[in-house]
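A.B. asks: Give me a model of this one.
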Amino acid sequence: MRQRTHTDVPHQRRTTLGIEDYLARLGDRVRAARAQRGMSRKILARDSGVSERYLAQLESGRGNPSVAVLHQVADAMDMSVMELADPHGGTDPALAEIQALLAPLAPAELSEAAEILERRFAGSGTRGRRIALIGLRGAGKSTLGKALADALGFPFIELNREIERDYGASIGEMLSLSGQPAFRRYENRCLNAVLNDHEEAVISTGGGIVSNADTYTMLLRRSHTIWLQASPEEHMQRVVEQGDMRPMAQNREAMSDLRAILEARAPLYNRAEASVDTAGEAPETSLAKLTETARALIA
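C.D. replies: Down below sits the predicted model:
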């Protein structure tokens, strides 16, 4: 019988730690992807068919999912299993090297790197005189967007209304019947149509558009994008004041969920060409700042 050498135990320990580290990173990735899409764990459980309890274990790094479970979770978030399980897997050496260089960068540095790559290899596209507003619900995209369009003499377009018109039902019904993948397909198609049909426009987008890489890249390349910012408390208050109680319905952790969504999306929102902070300001003041910013972009 082979004698155990002093190298065996460290190897086993490294293997165990490697698995634990991988599961922890996988859990972080699932949680971040869910937050970017604004999906509660309950909704992801419904759409994926994976129990809410198991998803909690998976996100905490204590789950050891099968390929089938990963496929269900990834499909519900409109991702590939490879994206979810190993974002660096299956790539050529050059791309792997780029990913290794980007991995240690802070969110702000990643945004800067993305802009450099876009300018160098994708071109700026034709933004025309289109202004696109991004940000969480309650940021003022509809209210301020409509007023901005009036000030500029541009048509005002709410992308979600275009999606509902194309689909033939409300977004809530679409998500309930067809899930996130269908919504993201319609979002991409409707945005492309709006950009093709309008040289001048103010476009209000859904808060989660930034989580769809292809659609968000199209928006950044073909419009002047402005991030409307506010504090999490103001986002929540404004939504509730508009009569929408969904954020609070059957969710005692609505505010912590909102903070998680904002934290996950902030690096993506930060890729916008400009930002306007509306926190603690009267609508008239915010509109003046937004109008000034928009006019500078399309000048």
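
A.B. asks: Would you mark the buried spots in stretch 45-62?
C.D. replies: Buried residues in stretch 45-62, counted by 16 or more other C-beta atoms under 10 Å: 45-48, 50, 54-55, 58-59, 61. Where C-beta positions appear, they are placed from N, C-alpha and C, glycine not excepted.

A.B. asks: likewise stretch 206-216?
C.D. replies: By neighbour count on 16+ other C-beta under 10 Å, the buried set for stretch 206-216 is 206-212, 215-216.

A.B. asks: If we only consider those, which is nearest to Ser286?
C.D. replies: Gly207 (17.5 Å; C-beta to C-beta).

A.B. asks: Please work out how many residues are found near the residue lying closest to that closest one once chain neighbours are set aside.
C.D. replies: Distances taken as C-beta to C-beta, 6 or more residues apart in numbering put Leu136 closest to Gly207, at 4.7 Å, once the chain neighbours are dropped. Neighbour count of Leu136, defined by other C-beta atoms under 10 Å: 26.

A.B. asks: if I pick the residue nearest the centre of the chain, what's in contact with it?
C.D. replies: Nearest to the mean C-alpha position of the chain, counting by C-alpha atoms, centre = their mean, stands Ser211 at 2.7 Å. Ser211 is in contact with 33, 36-38, 265, 268, counting by C-beta atoms under 8 Å, 6 or more residues apart in numbering.

A.B. asks: For stretch 212-231, which residues meet the burial criterion?
C.D. replies: 212, 215-216, 218-230.

A.B. asks: do the same with stretch 191-200
C.D. replies: By neighbour count on 16+ other C-beta under 10 Å, the buried set for stretch 191-200 is 191, 194-195, 198.

A.B. asks: Show me where the stretch 51-200 of the chain dips below the pLDDT cut-off.
C.D. replies: 86-93, 96, 107-108, 118-125 (pLDDT under 70).

A.B. asks: tell me which element Phe183 falls in.
C.D. replies: Using DSSP states H and E, Phe183 sits in helix 171-197.

A.B. asks: one step back: let me have the buried residues of stretch 206-216 in a markdown table, adding secondary structure as columns.
C.D. replies: Formatted as a markdown table, the buried residues of stretch 206-216 follow (DSSP: H, G, I helix; E, B strand; the rest coil):
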| residue | secondary structure |
| --- | --- |
| Gly206 | coil |
| Gly207 | helix |
| Gly208 | helix |
| Ile209 | helix |
| Val210 | helix |
| Ser211 | helix |
| Asn212 | coil |
| Thr215 | helix |
| Tyr216 | helix |
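
A.B. asks: how about those, which pair is most distant?
C.D. replies: Once C-beta to C-beta is applied, these give Gly207 and Thr215 as the farthest pair, at 13.0 Å.

A.B. asks: and Glu162, what does it touch?
C.D. replies: Here Glu162 is in contact with 190, 193-194 (criterion: C-beta under 8 Å, 6+ apart).

A.B. asks: Repeat the analysis, applying 10 Å as the threshold.
C.D. replies: Residues near Glu162 by C-beta atoms under 10 Å, 6 or more residues apart in numbering: 186-187, 189-191, 193-194, 203.

A.B. asks: if we can go back for a sec, in helices, which of the buried residues of stretch 45-62 fall?
C.D. replies: The helices, defined by DSSP state H, take in 45-48, 54-55, 58-59 from those.

A.B. asks: Pick the one among the residues you listed closest to Gly145.
C.D. replies: Asp47 (29.5 Å).

A.B. asks: Go ahead and confirm the closest one touches Gln72.
C.D. replies: Yes: under the criterion of C-beta atoms under 10 Å, Asp47 makes contact with Gln72 at 8.9 Å.

A.B. asks: need the buried residues of stretch 45-62 in TSV with distance to Gln99, can you?
C.D. replies: Shown next, in TSV, are the buried residues of stretch 45-62 (distance: C-beta to C-beta, whole Å):
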residue	distance to Gln99
Ala45	30
Arg46	33
Asp47	28
Ser48	27
Val50	28
Tyr54	29
Leu55	27
Leu58	23
Glu59	23
Gly61	22
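
A.B. asks: which among these gets closest to Ala294?
C.D. replies: Distance ranking of the buried residues of stretch 45-62 against Ala294, using C-beta to C-beta, places Asp47 first at 36.6 Å.

A.B. asks: For that closest one, give its distance to Asp257.
C.D. replies: 16 Å (C-beta to C-beta, to the nearest Å).

A.B. asks: can you check Glu241 too?
C.D. replies: Noted for Glu241: a distance of 19 Å to Asp257, by C-beta to C-beta.

A.B. asks: Perfect, I'm done here.
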